[in-house]
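Asker: No sequence on hand, only this structure:
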C-alpha cells in the first residue's frame, strides 16, 4: 500500500480554545493534548484515505512555559522563538513535550498510548527526528543512565574535534546583540555554532539563533574549506543512533528527518542500517532534502522517501499560479524518473504557505488539480497537512509567526478550520465540499489498482495545445484510467490524443469503451483509438478520471 501521510501539528490539531490572543500563553490560548486524538478522530482520519499520521512536535523542545514544578529545566526566552517555541529546537531527545500531556508526569505513557491507538485504527505513526541541531539550552534529564549527554564531554577549547558534539568559538561569548531582546539576558561561553551552519559567535535575528549545530565529523572551517573525519566514528554518530533506536523501540513506524541533507550521507548510511536491522526493516526514513543533486546519495544512504520540494512542489505551485504551463510537470517527473517511487509529493506542510493564503492561490479549490497530479501521477507517497482539506488560509497573526500564509509552529493557537474538523454540523458548506473531494482523491489512491501499482504514460507530448491541462494514463492489467487535470478557472473542452505508441506498448485493442469518471460518477462511451482525439470536458479547477476496462 502506498503511503498517504497526514501531518498533524499536535499542539494545534485538537485545540478548540476561543477567543485567542496574539502572543498568548498556554493558559490564555490553550493547547491540544495527545489524548484528544482519540479512536473516533483516528478512524475519521483513516476514512479520508490516510495510511500514516505524522505527529509533529512530539519530542520535548524549548518553550517559555514554565514546567519547573515537574522537574524540567526552564528555558531563557531570548533563545526561544515564540511563547510555545519551535518543535525543531529540541531540549531533550529522550522526552515528550509536556504541553501535549494531560498528566505531565505520565507524558511518555500518553505518547505510547497514542501510538497504540493509532495502530489500532489501522494507521502507522511518523514522528520527527531532528538530527542537525538542538536548542541552545539542550539538557537531557530523561536519558538512560548509561548515556552521556550531548556536549557533556566536549573539549570547549577546540573549535572542532570528532570527540565533540558541538562546534565552539575559541574563548568567545555568544553575542546576542542582534537578537530580539526579551527578558533576562542569555549567556553562552564559549559560543557554539548556530544550527543553520553559522560558525561565528554573532548570529542574527534571521539565523536559527535558538539552535546549535551538531558535529558529525565535518570540519567546516578547515583552512577555508571543508574536510570529513569519519574514522574513527564520531561520538555524535553513536549518540544520535541511540536516540533513533530509543524511539524505534516505542513502535514508531517512520521518522521524518528534519534538514537531513545538513547531516552527512555517511552518517545516515551507518545509522539507518542499524535501525532497520533492529526493527527488521519495519521502520521507514523520510528525508527533508532540498538539493536534487543529492537525492540519490541520500536514497543510497537508507532513505525510503525524500521531499520533492525543489522540483515537483515548486513546479505545481507555479502552474497553479500561472507562472508555468502544465506541460512543465512532465519535465519534473522525468528528471527523477529512476527514483520516482522514493519521491514524496505534497502541496502543504508546516514550512510552506497554505494554498488558500493570499501568498499562494487565495482559493483552496485552485489546488485541487495539483492534488490530483500529486496523488495519481505515480506510485510515490503523498502528504497533506491538517487543515489543507478544509481550505485553511494560514492568514492569522498568531504572535511570533505573523500573517505570512503559514500556520504557526511557534505560538499557542487554534486554526479556525481545525476547530471544526471532524464535526460536519459545524463545517461551512465550502469546507464540506473540499473535504469530500480530498477524501475521494486520497481514497482512490489505494482503492484503484491502476493508481496504487499501475504503470504510467504521460500524454503531454502528443497534446501540445493543452496549456492549463495535464493528461496521463494509469494502467494495471485490463484496468485503465485516463486522467485530465484542469488547472484553469473555466471549464475546458479537450481533444485528448492517445498515441499509437501507448496502444502498441500495452498491446491494447481499439474500440468503443464504457467509461466512468471516478470523481463525479458520470458514465459515458468513449471511442478509444490510436492518435484519434477524445472529446473530454473537464470542469474548472477539477479533473476527469475516466476508468475503462480494456478488451483482451
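Answerer: Yep, that arrived. Quick caveat, the model's predicted, so the values are computed rather than measured. Residues are numbered from 1 along each chain as shown.
Asker: Tell me, what's the model's pLDDT at the nearest residue to residue 506 once chain neighbours are set aside?
Answerer: The shortest distance from residue 506 to any residue other than its chain neighbours is 6.0 Å, reached at residue 475 (C-beta to C-beta, 6 or more residues apart in numbering). For glycine as for every other residue, the C-beta is placed from the backbone atoms N, C-alpha and C. Residue 475 is assigned 97 on the pLDDT scale.
Asker: Let me know whether my guess that residue 475 is in a helix holds.
Answerer: No: under DSSP: H, G, I helix; E, B strand; the rest coil, residue 475 falls outside any helix and is assigned strand.
Asker: Residues in a beta bridge with it, which ones?
Answerer: Each beta-bridge partner of residue 475 is listed here: residue 455, residue 480, as defined by DSSP bridges.
Asker: Tell me if I'm right that it and residue 482 touch.
Answerer: No: taking contacts as C-beta atoms under 8 Å, residue 475 lies outside contact range of residue 482: 9.6 Å.
Asker: and the helix or strand where residue 430 lies, which residues are buried?
Answerer: Under the criterion of DSSP states H and E, residue 430 resides in helix 429-447. Neighbour counts using 16 or more other C-beta atoms under 10 Å place 431, 434-435, 437-438, 440-446 of helix 429-447 among the buried residues.
Asker: What's the mean pLDDT across that helix?
Answerer: Mean per-residue pLDDT for helix 429-447: 98.
Asker: And for that helix, what's in contact with it?
Answerer: Helix 429-447 is contacted from outside by 1-2, 4, 47-51, 364-365, 368, 371-372, 375-376, 382, 384, 388-391, 417, 420, 424, 427, 451-452, 518-519, 545, using C-beta atoms under 8 Å, 6 or more residues apart in numbering.
Asker: can you do 6 Å?
Answerer: Applying C-beta atoms under 6 Å, 6 or more residues apart in numbering, the contact partners of helix 429-447 are 1, 4, 48-49, 364, 371, 375, 389-391, 451-452, 518.
Asker: Beyond that helix, next helix or strand please.
Answerer: Downstream of helix 429-447, the next assigned helix or strand under DSSP H and E is helix 449-453.
Asker: any idea which of the contacts of helix 429-447 is closest to residue 239?
Answerer: Taking C-beta to C-beta as the measure, residue 239 sits nearest to residue 4 out of the contacts of helix 429-447, at 33.4 Å.
Asker: Let me know the pLDDT of residue 178.
Answerer: The confidence metric pLDDT takes the value 94 at residue 178.
Asker: my bad, residue 301
Answerer: 98.
Asker: count of residues packed around it?
Answerer: 22 (other C-beta atoms under 10 Å).
Asker: hang on, it packs against residue 266?
Answerer: No: under the criterion of C-beta atoms under 6 Å, residue 301 lies out of contact with residue 266, with a separation of 7.4 Å.
Asker: could you measure residue 198 against residue 406, distance?
Answerer: Distance, residue 198 to residue 406, by C-beta to C-beta, to the nearest Å: 23 Å.
Asker: actually residue 450, not the one I wrote
Answerer: Applying C-beta to C-beta, one obtains 35 Å for the distance of residue 450 from residue 406.
Asker: the more surrounded of these two?
Answerer: Residue environment comparison for residue 450 versus residue 406 gives the larger neighbour count to residue 450, 24 against 21, counting by other C-beta under 10 Å.
Asker: give me every residue that touches residue 549.
Answerer: Taking C-beta under 6 Å, 6+ apart as the criterion, residue 549 is in contact with residue 478.
Asker: and what of residue 230?
Answerer: Shown here is residue 230, whose contacts under the criterion C-beta under 6 Å, 6+ apart are 217, 266.
Asker: With that, I have no additional questions.
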